[in-house]
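Visitor: fold the following and give me the result.
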Amino acid sequence: MAPASGTFLIADPFLKDPHFARTVVLLCEHQAEGSFGFVINRPFQESLNELLPDAADMQSIPLYFGGPVQPDTVHFIHQYPELIENSYEVGEGIYWGGNFEQTLELIQMGLIDLRKIKFFIGYSGWGEGQLEAELEEHSWIVSPAHPELVFHRQEERIWQQSLRELGDEYALMANFPIDPSLN
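Guide: Sure thing, here's the model as predicted:
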């Protein structure tokens, strides 16, 4: 499968990059000039409420490490295109961005289920030809993305589950140790 908007990049079990080891990236855009997406299975140490004064009085909202690029920015994906203005569809049932202030208001009013939205600090990005080179090195496995895994709240299971969904050959990989020399 070729990378495209709305696909997963599943880290190869032996990928050593500390930013991406055992991660699943939702690819939001893939073009000749470059690609970007968000790591969906790495919780951030702080919540959105702890980082943003506008959200300080709200319920605790989980935040995820989206990637190492621009770690001073906040992004979000969701399942509310009818409520959140200026959303961009990245895959079936998965939308990126929109009016941030409006989104916080909708959360505060109880109109958004926090199981159908994820906030990220930073993002994952690749320049022209960079992702293709990493794919040739077998750093990533490309698969279709779907909302059930994107918004799954047991983050520690997303990487393994995404591999298992690809069939027997990949299901074996889900059980590989992080460092095979310790086996």
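
Visitor: so residue 156 sits against residue 41, correct?
Guide: Yes: here residue 156 lies in contact with residue 41, judged by C-beta atoms under 8 Å, at a distance of 7.5 Å. Every residue, glycine included, has its C-beta placed from N, CA and C.

Visitor: neighbour count winner among these two?
Guide: residue 41 (25 against 11; other C-beta atoms under 10 Å).

Visitor: gap between the residue nearest the centre of the chain and residue 111?
Guide: Closest to where the C-alpha atoms of the chain average out (C-alpha atoms, centre = their mean) is residue 40, at 2.8 Å. Applying C-beta to C-beta, to the nearest Å, the value for residue 40 to residue 111 is 23 Å.

Visitor: returning to what we had before: so what's the residue nearest to the centre of the chain up against?
Guide: Counting by C-beta atoms under 8 Å, 6 or more residues apart in numbering, residue 40 makes contact with 23-26, 64, 118, 149-150, 155, 158.

Visitor: if you set the cut-off to 7 Å instead, what comes out?
Guide: With contact set as C-beta atoms under 7 Å, 6 or more residues apart in numbering, residue 40 has these partners: 24, 26, 64, 118, 150, 158.

Visitor: gap between it and residue 147?
Guide: 11 Å.

Visitor: who touches both of the two?
Guide: Counting by C-beta under 7 Å, 6+ apart, residue 40 and residue 147 have no common neighbour.

Visitor: which intervals of the protein have sub-threshold pLDDT?
Guide: Low-confidence segments of the chain (pLDDT under 70): 56, 177-183.

Visitor: if we go to 80?
Guide: 53-57, 172, 174-183 (pLDDT under 80).

Visitor: now stretch 89-107, how far from the centre of its chain.
Guide: 14 Å (C-alpha atoms, centre = their mean, to the nearest Å).

Visitor: buried ones in that stretch, by neighbour count?
Guide: 90-91, 93-98, 100, 103-104, 106-107 (16 or more other C-beta atoms under 10 Å).

Visitor: now the helices for this structure?
Guide: Along the chain, counting by DSSP state H, helices occupy 48-51, 100-108, 130-136, 147-150, 155-164, 168-173.

Visitor: among the ones you listed, which is nearest residue 34?
Guide: Nearest to residue 34 among the helices of the chain is helix 130-136 (7.3 Å), distances taken as C-beta to C-beta.

Visitor: contacts for that closest one?
Guide: Taking C-beta under 7 Å, 6+ apart as the rule, helix 130-136 contacts 3, 35, 140.
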